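Q: following is a predicted model, sequence given first.
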Number of protein chains: 2
Amino acid sequence: MPNPTAAILVIGDEILSGRTREANAYHLANELTRVGIDLREIRVVPDDHDVIVDALNALRAPHTHVFTSGGIGPTHDDITADAVAAAFGVGIDVREDARELLERALAERGLTPTADQLRMARIPDGARLIVNGRTGAPGFSIGNVHVMAGVPSIFVDMLGTVLPTLDAGAPRLSRELRFEVGEGRIATPLRELAQAMPEVTFGSYPFREGEIRGTNIVVRGTDPTVLDDAVTRLEEIRAATAVRPTGR
Amino acid sequence: MPNPTAAILVIGDEILSGRTREANAYHLANELTRVGIDLREIRVVPDDHDVIVDALNALRAPHTHVFTSGGIGPTHDDITADAVAAAFGVGIDVREDARELLERALAERGLTPTADQLRMARIPDGARLIVNGRTGAPGFSIGNVHVMAGVPSIFVDMLGTVLPTLDAGAPRLSRELRFEVGEGRIATPLRELAQAMPEVTFGSYPFREGEIRGTNIVVRGTDPTVLDDAVTRLEEIRAATAVRPTGR
């Protein structure tokens, strides 16, 4: 059975302007690989209602899960929750359980929520809250869409809450071999091996280290026995293609 | 006149599996902001022919420019050039000028191209080569699509070749102010200011630094006088909302 698939929609002008280097997709990619959900797309879009709605609808149809990052704070540029409600065609309003979470967290600092902070308790109809340990403002899941904060520490916390509740697949395993020759020298035997073993994928990643032009080969699959076999065959290719020092 | 827009399509299983942290989109974002082209989407897809073709066609229609990163090496997983040719409905074959670049670079190391290395000289019909100073393997531009290597040092070099040839817009300027209060405290005046000044955008980015819950406000626009005005008004908001130390 193929693994479940996923996409992440990152929402934020600050990524597209180059102000902020995106970090959450990279964290998600590693976590999904670990549990056996195949991340199939990363998409970054601006703080634009219609663009977010269209992207959500494009991604939630083909994928088992869609994660979003960003745009759920209290300010005017936080428009993700409304866009999610629009994408699902449901209403959105302050919800009592979300308001209580928010009030309790603020009360610890001797504060009560302002009208703008209350915006963070606006939850689309029918969603489940994603509680996190760092702020009172919850994320939420609706259908197969999981809406989380853009601040990396909060995103990590929310993902840790959501991920164990999802059906996972077979964890994708990988092994990596270092070849101290360029891609061109191993491309032919590598292509033949990839054709002979369609149940695994072979990735080829060139590197340069001083005078060495090398290639890292990554083999990925779900069956450890098959991966071991692939690694043995790669080691044979490595022995056959190695450049021996000449002279003494 | 609005600025030209752009998207980047990053191609590579290694990004989606979490093996490699994407770097080229971040570099591109900063370079485009500098020259006044608005980056409107970042999309990362796997090494899958049909997915790449569909993404290319989805992105090249609405945007002035599309940049791609990755998948133009010599190995079996390098399928970008073929996907670009398919997206444009043109043929692709080894081209003499590309082959000469490749042969010349390999000759410097006493080598001649293998059949697999020659794949890097396969160029879609009608494309213009993007020569780079680091490898003999060229990128290429066809229509409004600029196809570049995934290796960051080569991507940077190729972008440096392409970018000066593109029509640019008004450079997007930005100014950033640090508020040592949380987003909730300034959300209302910030919203009012954003409504009063529609020609600039205000981004609000919370941070936490020890005991300080603060907010960085970034204002972006193309007119430096208007930006100065926005900063002055933000400074007034900052003065009015600052939390004064109590006691003594």
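A: Cool, the structure landed.

Q: which ones are touching residue A:146?
A: The contact partners of residue A:146, by C-beta atoms under 8 Å, 6 or more residues apart in numbering or on different chains, come to A:65-68, A:130, A:139-140, A:158, A:162. (Each C-beta comes from the backbone N, C-alpha and C, glycine too.)

Q: list the beta-bridge partners for it.
A: With DSSP bridges applied, residue A:146 shows beta-bridge pairing to residue A:67, residue A:141.

Q: separation between it and residue A:32?
A: As judged by C-beta to C-beta, to the nearest Å, residue A:146 and residue A:32 stand 12 Å apart.

Q: ok, now residue A:38?
A: 7 Å.

Q: ok, now residue A:114?
A: From residue A:114 over to residue A:32 the distance is 36 Å, taken as C-beta to C-beta.

Q: for residue A:88, what are its contacts?
A: Residue A:88 neighbours (C-beta under 8 Å, 6+ apart): A:124, A:126, A:142-143, A:145.

Q: which of the contacts of residue A:146 lies closest to residue B:185?
A: Minimum distance to residue B:185 across the contacts of residue A:146 is 22.3 Å, recorded for residue A:139 (C-beta to C-beta).

Q: surely the closest one meets residue A:128?
A: No: using C-beta atoms under 8 Å as the test, residue A:139 is too far from residue A:128 to be in contact (9.7 Å).

Q: more neighbours: which of the two?
A: Of the pair residue A:139 and residue A:128, residue A:139 is the one with more neighbours under other C-beta atoms under 10 Å in any protein chain shown, namely 29 against 14.

Q: sketch out the low-pLDDT regions of chain A for me.
A: Across chain A, the ranges flagged by pLDDT under 70 are A:244-248.

Q: ok, 50 please
A: Filtered on pLDDT under 50, chain A yields the residue ranges A:247-248.

Q: picking that back up, in a markdown table: the contacts of residue A:146, plus distance to residue B:186.
A: Formatted as a markdown table, the contacts of residue A:146 follow (distance: C-beta to C-beta, whole Å):
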| residue | distance to residue B:186 |
| --- | --- |
| A:65 | 35 |
| A:66 | 31 |
| A:67 | 29 |
| A:68 | 25 |
| A:130 | 26 |
| A:139 | 23 |
| A:140 | 25 |
| A:158 | 24 |
| A:162 | 30 |
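
Q: still on that earlier bit, please list only the buried members of the contacts of residue A:88.
A: Among those, those classed as buried by 16 or more other C-beta atoms under 10 Å in any protein chain shown are A:124, A:142-143, A:145.

Q: closest to residue B:83 among these?
A: Residue B:83 lies nearest to residue A:145 out of the buried ones among the contacts of residue A:88, by C-beta to C-beta, at 28.7 Å.

Q: identify the residues contacting the closest one.
A: By C-beta under 8 Å, 6+ apart, the contact set of residue A:145 is A:56, A:60, A:65-68, A:84, A:87-88.

Q: any idea how far it is from chain B?
A: Distance of residue A:145 to chain B, given as C-beta to the nearest C-beta, to the nearest Å: 18 Å.

Q: same thing with residue A:126?
A: Note on residue A:126: its distance to chain B, by C-beta to the nearest C-beta, is 27 Å.

Q: and what of residue A:243?
A: Distance of residue A:243 to chain B, computed by C-beta to the nearest C-beta: 11 Å.

Q: and the longest helix for chain A?
A: Criterion DSSP state H: the longest helix present in chain A is helix A:224-241.

Q: in that one, what's buried?
A: So for helix A:224-241, counting by 16+ other C-beta under 10 Å, buried means A:227, A:230, A:233-234, A:237-238, A:241.

Q: now the helices for chain A?
A: For chain A, the helices defined by DSSP H occupy A:13-16, A:24-35, A:49-60, A:80-88, A:96-107, A:115-118, A:152-162, A:183-196, A:224-241.

Q: from chain B, how far out is the nearest residue to residue A:23 once chain neighbours are set aside?
A: Once flanking residues are discounted, residue A:23 sits nearest to residue A:152: 4.9 Å by C-beta to C-beta, 6 or more residues apart in numbering or on different chains. According to C-beta to the nearest C-beta, residue A:152 and chain B sit 11 Å apart.

Q: look up how far residue A:243 lies from residue A:152.
A: Remark: distance between residue A:152 and residue A:243 (C-beta to C-beta) = 43 Å.

Q: who has more neighbours, the two?
A: residue A:152 (15 against 9).

Q: spatially central residue for chain A, please.
A: The centroid of chain A falls nearest to residue A:28 when counting by C-alpha atoms, centre = their mean (3.2 Å).

Q: wait, that residue touches residue A:10, no?
A: No: counting by C-beta under 8 Å, residue A:10 is not a contact partner of residue A:28; they are 9.6 Å apart.

Q: give the residues shared as contacts by those two.
A: Shared contacts of residue A:28 and residue A:10, defined by C-beta under 8 Å, 6+ apart, comprise residue A:69.

Q: list the contacts for the residue nearest to residue A:213 when sequence neighbours are not counted?
A: Among residues not flanking residue A:213 along the chain, residue A:182 sits closest, at 4.4 Å (C-beta to C-beta, 6+ apart). Going by C-beta under 8 Å, 6+ apart, residue A:182 touches A:206, A:213-215.

Q: out of the residues you listed, who has the most neighbours?
A: Within the contacts of residue A:182, most neighbours by other C-beta under 10 Å means residue A:215, with 25 neighbours.

Q: next, give phi and psi for residue A:169.
A: Dihedral pair for residue A:169: phi -110, psi -150, per degrees, to the nearest 10.

Q: could you measure from residue A:101 over to chain B?
A: 14 Å.

Q: okay, the closest residue to that residue other than its chain neighbours and residue A:115: tell me how far apart.
A: Among residues not flanking residue A:101 along the chain, residue A:136 sits closest, at 4.8 Å (C-beta to C-beta, 6+ apart). Counting by C-beta to C-beta, the gap from residue A:136 to residue A:115 is 16 Å.

Q: I appreciate the help and will end here.
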